[in-house]
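# coords please:
(one chain, ligands or ions: 1)
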Amino acid sequence: MANPKIAIIISTTRAVRFGEKPANWIFEIASKRGDMDVEIVDLRDYPMPFFDEVATNAWAPTQNEIGQRWQKKVAEFDGYLFVCAEYNHGVPAVLKNALDYAYVEWNRKAAAFLGYGGVGGARAVESLRLVCVELQMAPTRTGVHIAGADFMAVWREGKPISELAYLKSTADAMLDELVWWTNALRAARART
Ligand SMILES: Cc1cc2nc3c(=O)[nH]c(=O)nc-3n(C[C@H](O)[C@H](O)[C@H](O)COP(=O)(O)O)c2cc1C
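From the prediction side, this is the model:
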């Protein structure tokens, strides 16, 4: 069977964002494994307005053209890895809006998490897990969190994330779980 397709979704879009650094780091690790096909999906390429549809696309087709294009993109993947910032202890609004813009495309697929910030984006990631459950995704256990002085060293001083050696084993565990659940759910979706 072909490798499952995994989207690495960057949660922020601002001009000076940090988000692409951890996205590129985990992309390098994931793409070398050989058991998944990964693609970075950048919300900058999908500048959707704030959600203003008559309903979620579980109930009514989305009218906004960028929203439709976004839904098609989400539908391409078997699983998702959210690279998640923490804005005021929550998920960045641009990511929440993008999550709201699809429904059926997320359903019955696995989701994993890489957070960054003062506490590694842990509070945002925990709330994101609950959002994923409502969208009928299966959130996985192990998260990668770039936190505290390490986050500051990468963010402010430009230290490469690859020099934080302890993160690699956590990244491997996170990706192991993501690929296991992605394959399990892909097989289950194929049966129904
Ligand atoms: C609006 C805003 C709110 C923030 N709130 C938090 C926060 O609650 N916890 C935290 O650890 N960092 C917080 N930060 C700092 C971010 O962790 C840091 O700026 C990070 O680089 C944001 O991700 P981004 O650069 O990809 O946008 C906040 C930053 C912004 C811009």
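
# pLDDT value on residue 156, please?
At residue 156, the model reports a pLDDT of 90.

# quickly find the element holding it.
Assessed by DSSP states H and E, residue 156 sits inside helix 148-157.

# what comes up buried for that helix?
150-151, 153-154 (16 or more other Cβ atoms under 10 Å). The C-beta positions use only the backbone N, C-alpha and C, and glycine is treated the same way.

# quickly list what residue 112 is bridged to.
Counting by DSSP bridges, residue 112 is bridged to residue 81.

# report the contact partners of it.
Neighbour list for residue 112: 79-82, 139-140, 142-143, 174-175, 177-178 [criterion: Cβ atoms under 8 Å, 6 or more residues apart in numbering].

# please, where are all the strands along this structure?
Secondary structure of the chain (DSSP state E): strands at 5-10, 37-42, 79-84, 109-117, 137-139, 144-147.

# now do the helix or strand bottoming out on mean pLDDT in the chain: everything it contacts.
The weakest-scoring helix or strand in the chain, judged by mean pLDDT, DSSP states H and E, is helix 148-157 (a mean of 94). Identification of contacts with helix 148-157 by Cβ under 8 Å, 6+ apart yields 18, 21, 116-120, 146, 159-161, 164.

# go with 10 Å
With Cβ atoms under 10 Å, 6 or more residues apart in numbering as the test, helix 148-157 has contacts from 18, 21-22, 25, 115-121, 145-146, 159-161, 163-164, 166-167.

# so what's the closest residue to residue 57 other than its chain neighbours scoring on pLDDT?
Among residues not flanking residue 57 along the chain, residue 103 sits closest, at 5.2 Å (Cβ to Cβ, 6 or more residues apart in numbering). At residue 103, the pLDDT value in this model is 98.

# cool, thanks, signing off.
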